[in-house]
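> The following comprises the amino acid sequence and a computationally predicted model.
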Amino acid sequence: MKAWLEFSPKKVNKAIISDLMRDYDISFNIHRADITPKGGKMLVEISGNQSKEGVEFLEREGIHVSPIKRVVKKDEEKCVDCGACVSLCPVKAISNTEDWTIEVDDQICIGCDFCTSSCPTRAIKVTK
Amino acid sequence: MKTVDEINQRIKDGDAVVVTAAEMTRIVREDGAEKAAEEIDVVTTGTFGAMCSSGVFINFGHTDPPIKMTKTYLNGVEAYSGLAAVDAYLGATQPNRSPDIGLAYGGAHIIEDLIRGEEVELVAEAYGTDCYPLTELKTQITLDKLNQAIMVNPRNCYQNYAAATNSTEETLYTYMGTLLPQMGNVTYSSAGELSPLLNDPYFQTIGLGTRIFLCGAEGYIIGEGTQHSTESERKNGVPVSPSGTLMLKGDLKDMDSEYVRGATMPKYGPTLYVGAGIPIPVLNEDIALRTGISDEDIGCRIMDYGVPRRSRPPVKETNYQELRSGVIELEGQDVPTSSLSSYKKALEIAEELKAWIDKGKFLLTNPVEMLPSTGQSVNPLEIRRPFILVKDLKSKKLILAYPTDDISHVAKKMVQNNINHLPVVDDKHKLLGIVTSWDIANAVAKGKNKLMDVMTKKVIIAREDEPADVIARRLDKHEISGLPIIDKDNRVKGMITAEDISRLIVDGPDDEEEGD
Ligand code: SF4
Ligand code: SF4
């Protein structure tokens, strides 16, 4: 599951994440982090059998968890399957199929917007 | 040996054997060129790429009272009207005149909209004459109402092209797409083994008058394109760098929006994706062999677009098989690659053209004249004003600061010398950072007193051998007013400011001997 975690400054220094990984046997992949003294936001990928319990734990600790659904969408009418976006994606969410159609996997996408601003036909959009 | 007329007869009889260039590669590999030459009559090629040098001649028709248009705008995009009264040429890369729209919707987008049958606003201005009294007009047009709308593209279908990467620290936005810093990606644009001029590398069959597929319509080659060149280095018979080009013509009214697309290269500008397919008659074994070329056999040089000069250094020589694999090794790293042209559409075009020929709808032509195949090279444009390098600029007294310097001491130095930027260096004068008067003010306000804590470590620099115009653009892009000049050993040699450059542009360099 992919989600934004939002936390207040007080939490920045607490060892919540390591507790989470230890107590719930969760693997945790940070895609983006934006942490300032005023608190922070992190885009993470949480996986493991107890992810649900883990998320509940985070909520109890005062971290706001907002799961992401369908982040990236490609307008097939506009897209010309050039592939300009492929090498720009930092997480390899964009690839080509056997017949050279360009596909975007929104399960992998982290919504960085790199592809959207670089698509020559403006075919690709990220909805947040 | 076959002739075009014989092949045409077979097309009419429904007996011609037509394959795409991708299929031909397999056939020649498996059966050899001799057998392929006997069995195959036509090879269809295809490409669908961003081709900036494209546009449309339009005749709007005469109004009542008549007007001799001197300026014309289509949905806010200017078309060149220095032609007869109601003729204009709309170029693909022309940006919108509205600054709010700018590069997002330009000439290429209008061409696509016209083909889609959409209404486009025409605004025209004129100075008025006795025979053409009207001085302005505003109306709506659609493609079917225009007398003519003829696509004439001065340079399409480049025979090979360089691939691009970027060694600098910042993202570059180029006609080769977005190039990530530190060679973060590689982009390329040729359709490789499907590309028309790579299948006829010596222009044995393609020439003036060749009938082609252009954006879904029947079009023609009307000669070599601009920047056509023939003297590039070859490998396996095909040039490894940009070489031959074609000038193409076709009727917009017959075109299909599937095979043409208005686009914008981010922060570069509008461009037109043009779909072109050229049939190659397999007249003999040599032509069969040439059309059998594979991605693996077509060389391509990766250039560093981080160097904003005409001749860029090649980073690596590769081939299209490697480029198309999606990753390429550069200086020990696996770097992702992106195609800028659509291989899928290129295949579709080759298939579509094949279907046209199979159905007997499309006949081949003998060129009226062959394209120049030797002795053509591209001349550069020399700027008369001498090329000024950073090191030619008169440098001021060099003022430096050291990381251990006291803030108040640095502040005093800046005030005394009336400067806003101060490079921070080590004892060998190697650049460590930069401080501005703003940093100093900030430090004082926050009670910091060591320079090390307030200087900016990531410094944008000017190198001694870079042209002053490139630096002007860099200052502008980063919205900064000064850069340290460094030599090849990273030692600070001086400072260059926006003021120094503008003075140069107004006065010219001091050592200039002739006026212009
Ligand atoms: S860059 Fe745009 S047009 Fe090209 S493949 Fe990606 S989404 Fe499609
Ligand atoms: S938004 Fe970012 S992560 Fe998502 S597909 Fe585009 S480049 Fe990849």
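Yep, that arrived. Ligands and ions are numbered 1, 2, ... in the order given.
> I'd like to know how many residues surround the spatially closest residue to residue B:465 that is not a sequence neighbour.
In space, and not counting its chain neighbours, residue B:465 is closest to residue B:389: 5.8 Å by Cβ to Cβ, 6 or more residues apart in numbering or on different chains. To be clear about C-beta, it is placed using only N, CA and C from the backbone, and glycine gets the same treatment. Residue B:389: 16 surrounding residues under other Cβ atoms under 10 Å in any protein chain shown.
> separation between residue B:389 and ligand 2?
38 Å (Cβ to the nearest ligand atom, to the nearest Å).
> List the contacts of that residue.
B:464-468 (Cβ atoms under 8 Å, 6 or more residues apart in numbering or on different chains).
> Now do the contacts for the closest residue to ligand 2 within the stretch 1-150 of chain B.
Of the stretch 1-150 of chain B, the residue with the smallest distance to ligand 2, taken as Cβ to the nearest ligand atom, is residue B:104 at 19.3 Å. Residues near residue B:104 by Cβ under 8 Å, 6+ apart: A:122, B:96, B:264.
> who in chain A is up against ligand 2?
A:72, A:88-89, A:91, A:93-94, A:104, A:109-115, A:126 (Cβ under 6 Å from any ligand atom).
> if we take these, which one ends up nearest to residue B:243?
Nearest to residue B:243 among the residues of chain A next to ligand 2 is residue A:88, at 28.8 Å by Cβ to Cβ.
> For residue A:124, give the beta-bridge partners.
residue A:74 (DSSP bridges).
> show me what contacts it?
If you count contacts by Cβ under 8 Å, 6+ apart, residue A:124 has them with A:72-75, A:79, A:85, A:104, A:115-116.
> circling back to that earlier point, residue B:56: which of the residues of chain A next to ligand 2 is nearest?
For the residues of chain A next to ligand 2, the nearest to residue B:56 is residue A:115 (30.3 Å; Cβ to Cβ).
> Contact partners for the closest one?
A:72, A:85, A:88-89, A:94, A:104, A:124.
> Kindly report the domain assignment for chain A.
Following automatic domain parsing, one finds the domains of chain A at A:2-67, A:71-127.
> do you know which of those lies nearest ligand 1?
Evaluated with Cβ to the nearest ligand atom, the domains of chain A place domain A:71-127 nearest to ligand 1, the distance being 3.2 Å.
> Any idea how many residues pack against residue B:202?
19.
> actually residue B:263, not the one I typed
With other Cβ under 10 Å as criterion, residue B:263 counts 26.
> any idea how far residue B:217 is from it?
Separation of residue B:263 from residue B:217 (Cβ to Cβ, to the nearest Å) stands at 20 Å.
> cool, residue B:167 as well?
Between residue B:167 and residue B:217 the computed distance is 42 Å (Cβ to Cβ).
> ok, now residue B:363?
Note on residue B:363: its distance to residue B:217, by Cβ to Cβ, is 15 Å.
> and what of residue B:131?
Residue B:131 is 35 Å from residue B:217, by Cβ to Cβ.
> List the ones among the contacts of residue A:115 that fall in strands.
A:72, A:94, A:104, A:124 (DSSP state E).
> Please tabulate the residues you listed in a markdown table, including the columns distance to ligand 1 and pLDDT.
Output for the ones in strands among the contacts of residue A:115, formatted as a markdown table (distance: Cβ to the nearest ligand atom, whole Å; pLDDT from 0 to 100):
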| residue | distance to ligand 1 | pLDDT |
| --- | --- | --- |
| A:72 | 10 | 86 |
| A:94 | 7 | 95 |
| A:104 | 7 | 94 |
| A:124 | 4 | 94 |
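> ok, now which residue in chain A is the farthest from the centroid?
residue A:99 (27.9 Å; Cα atoms, centre = their mean).
> Residue B:346 is in contact with that one, correct?
No: counting by Cβ atoms under 8 Å, residue B:346 is not a contact partner of residue A:99; they are 12.0 Å apart.
> and which of the contacts of residue A:124 is nearest chain B?
Nearest to chain B among the contacts of residue A:124: residue A:85, at 7.1 Å, using Cβ to the nearest Cβ.
> Tell me the confidence at the closest one?
Looking at residue A:85, its pLDDT stands at 96.
> which one is it nearest to, not counting chain neighbours?
Once flanking residues are discounted, residue A:85 sits nearest to residue A:115: 3.8 Å by Cβ to Cβ, 6+ apart.
> which one of residue B:131 and residue B:217 has more residues nearby?
residue B:217 (18 against 9).
> For the more buried one, give me phi and psi.
When read as degrees, to the nearest 10, the backbone of residue B:217 gives phi -110, psi 170.
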